[in-house]
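**Q** The following comprises the amino acid sequence and a computationally predicted model.
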Amino acid sequence: MATEVHQLHVFFFPFLARGHMIPTMDIARLFAARGAKSTIITTARNATGFTSTVDRERFSGHDINIKLIRFPSTEVGLPEGCESFHSLTTMEMLQAFLRAVSMLQTQIEELLVEYHPDCIVADMCFPGVSDIAAKLEIPHIIFHGWSYFALCAMDFTVTKDIPSDSESFVVLDLPDEINMKRSKFPPDYYLELVRQLRESELRSYGVLVNSYYALEPSYAEYYKNVAKRKSWHIGPVSLMCNKNTIDKAQRGERANIDEQYCLNWLDGKKPNSVLYVSFGSVALFSIPQLAEIAMALEASGVPFIWVIKSSKEDEERCRLPQGFEDRIEGKGLIVKGWAPQVLILDHPAVGGFMTHCGWNSIVEGVSAGVPFITWPLFADQFFNEELVTTVLRVGISLGFEVCWTSWPEEMVSLVKRESIEMAVNQLMCSGEEALVMRKRAEELGQRAKAAVENNGSSSLDFNALMEELMARKRPLKSSTA
Ligand code: UDP
């Protein structure tokens, strides 16, 4: 009897945070665009920002769907509907959240047994997946959402005994000597978590990386050859699949600003004149820190778009100095809530990005060819800052030196307006140093675009992964999710 060849079916288990959901959704779209069936497993609240994207993909004939699982918020003492990392505001909530994430294991197992996909792409935070994947002989691929640089640095950090009293030390024995202050490393609880979860990573089939080879070649090589991890660089995933305005504008969330208004506003500005200021989907600043940023932006005289994270329930969180919004009218655009980041970054008027160095933001800024002002806050962000400022030399550091110990309200130090204003002027002026940095950033942007062309390094690596999975695919399995 002839062997029936089925469509490749891939399951995705993104971590329940927008910074993980967004690139994972892009990756799922990539698989579906190549003829695979992509099933994203998540909770109802986390799915909300993605339904229109999935509908559009399905309308274009791509086989992609979301399967919902129930998040046990109330069982762990979290408010009903608190299902995503960005809703957490205290350490106690984080601990409860992680307990709830571990309780998802049973539902995940049931789905895997029922549908038996050909491959699982899961966040490291679902370590139980590796056992069930091994039992069912399904390749289990991990997606951390980190850069190669951060993957290497994190691996070094969790496997070495770093004296807690040391001021600074060399992180890696690589072509670039990375000498980082101890205070910039993630806190012990975070490193302990990574250490525990590393076991499942080592047993996994491989690691997907949202990066491109030319961006960090020595770290890609180190990760593969020294850290001995099988990996595929398939980024920038935002460039791979968000080609039109609607995809860029509705990535992850409905924006709190009309995208056409935003584009018109940018159209009225000179090329490379606008600074985009945004700190991702999680980071919150205290009211005094917001005031320092506001004063610095105003004093700099540089046109800006500033995204301030807030929610309808909590407008107090984004209170700005009195009269500020009137004074900056025309010069600055403030978005409270969610902005269409990729759409904004890709506009020719945008010439700089003040960022918390979340990896998605870095990779999106690099894709757009803009230089950065770096203000990392936690997790892998200090590593990303190091890559941007020391290795790639496309960013100016604000010099923030203490990784979050808990939540931003408890941050002990403020970054003062004078430092912010100085960095803004330095990056956005037409001085020699800024121009050289801008040139380098533009080259990286061109290389990012080349990487996602048909014969680009990321497309080829993605093809190789698809071929490998197809070759492994066992015939005559049913798949009906
Ligand atoms: N993002 C966005 N609009 C916003 C804030 C964030 O589109 O107003 C997107 C951004 O483009 C990126 C993701 O959310 O894809 C944030 O991920 P990142 O790794 O930069 O930071 P995190 O939110 O994980 O700290």
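**A** All right, it came through fine. Not measured: the values here are computed from a predicted model.

**Q** what is the mean pLDDT for the one helix or strand residue 169 maps to?
**A** Secondary-structure element containing residue 169, defined by DSSP states H and E: strand 168-173. Confidence over strand 168-173 (mean pLDDT, whole number) is 71.

**Q** Can you get me a residue count around residue 72?
**A** Look at residue 72: counted by other Cβ atoms under 10 Å, it has 18 neighbours. Heads up, the C-betas are built off the backbone N, CA and C, glycines and all.

**Q** Quick check, it in contact with residue 102.
**A** No: at 10.0 Å, residue 72 does not count as touching residue 102 under the criterion of Cβ atoms under 8 Å.

**Q** Show the low-confidence segments of the stretch 251-400 of the chain, by residue range.
**A** 311-314 (pLDDT under 70).

**Q** Can you pull the residues of it lying near the ligand?
**A** 251-252, 278, 280-282, 307, 338-339, 341-342, 358-361, 364 (Cβ under 6 Å from any ligand atom).

**Q** hmm, 5 Å instead?
**A** 280-282, 307, 338-339, 341, 358-361 (Cβ under 5 Å from any ligand atom).

**Q** OK, contacts around the closest residue to the ligand within the stretch 1-150 of the chain?
**A** Per Cβ to the nearest ligand atom, residue 19 is where the stretch 1-150 of the chain lies closest to the ligand, at 2.0 Å. Contacts for residue 19 (Cβ atoms under 8 Å, 6 or more residues apart in numbering) come out as 85, 145, 280-282, 358-360.

**Q** what separates the lengthiest helix in the chain from the chain centre, distance-wise?
**A** When the chain is parsed with DSSP state H, its longest helix is helix 432-451. How far helix 432-451 lies from its chain's middle: 21 Å, per Cα atoms, centre = their mean, to the nearest Å.

**Q** what does stretch 287-307 give?
**A** On Cα atoms, centre = their mean, the centre of stretch 287-307 falls 24 Å from the chain's centre.

**Q** mind listing the helices for the stretch 301-450 of the chain?
**A** For the stretch 301-450 of the chain, the helices defined by DSSP state H, counting those that start in this stretch cover 324-327, 341-345, 359-368, 381-386, 417-428, 432-451.

**Q** same deal with the stretch 151-300 of the chain?
**A** Using DSSP H, counting those that start in this stretch, helices in the stretch 151-300 of the chain cover 188-203, 217-221, 237-241, 245-249, 259-267, 287-300.

**Q** Could you tell me which strands the strand holding residue 169 is paired with, and in which direction each runs?
**A** Sheet pairing of strand 168-173 (DSSP bridges) gives strand 177-181 (antiparallel).

**Q** CA atoms of the strand it pairs with as CSV?
**A** C-alpha atoms of strand 177-181 as CSV (Å, rounded to 0.1, in the frame of the first residue of the first chain):
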residue,chain,number,x,y,z
GLU,A,177,35.4,40.4,26.3
ILE,A,178,32.2,41.1,28.1
ASN,A,179,32.8,42.5,31.5
MET,A,180,29.6,43.0,33.4
LYS,A,181,28.7,44.3,36.8
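
**Q** How many residues are close by residue 253?
**A** 18.

**Q** And the strands in the stretch 51-200 of the chain, which stretches?
**A** 64-69, 119-122, 140-143, 168-173, 177-181 (DSSP state E, counting those that start in this stretch).

**Q** Next, report how far the second one is displaced from the centre of its chain.
**A** Distance of strand 119-122 from the chain centroid (Cα atoms, centre = their mean) equals 18 Å.

**Q** remind me which residues of the stretch 101-250 of the chain are low pLDDT?
**A** Within the stretch 101-250 of the chain, the stretches with pLDDT under 70 are 162-166, 172.

**Q** Buried deepest among the helices of the stretch 151-300 of the chain, which one?
**A** helix 237-241 (a mean of 24; mean count of other Cβ atoms under 10 Å).

**Q** counting contacts, what elements does it pack onto?
**A** Packing partners of helix 237-241 (3 or more Cβ pairs under 8 Å, 6 or more residues apart in numbering; DSSP states H and E): helix 18-33, helix 359-368, helix 457-472.

**Q** before we move on, the earlier item: buried residues in the longest helix of the chain?
**A** 434, 437-438, 440-442, 444-445, 447-448, 451 (16 or more other Cβ atoms under 10 Å).

**Q** How about stretch 328-337?
**A** Neighbour-count burial for stretch 328-337, with 16+ other Cβ under 10 Å as criterion, is recorded at 328, 332-337.

**Q** Also stretch 8-26?
**A** Neighbour count says stretch 8-26 has 8-26 buried, by 16+ other Cβ under 10 Å.
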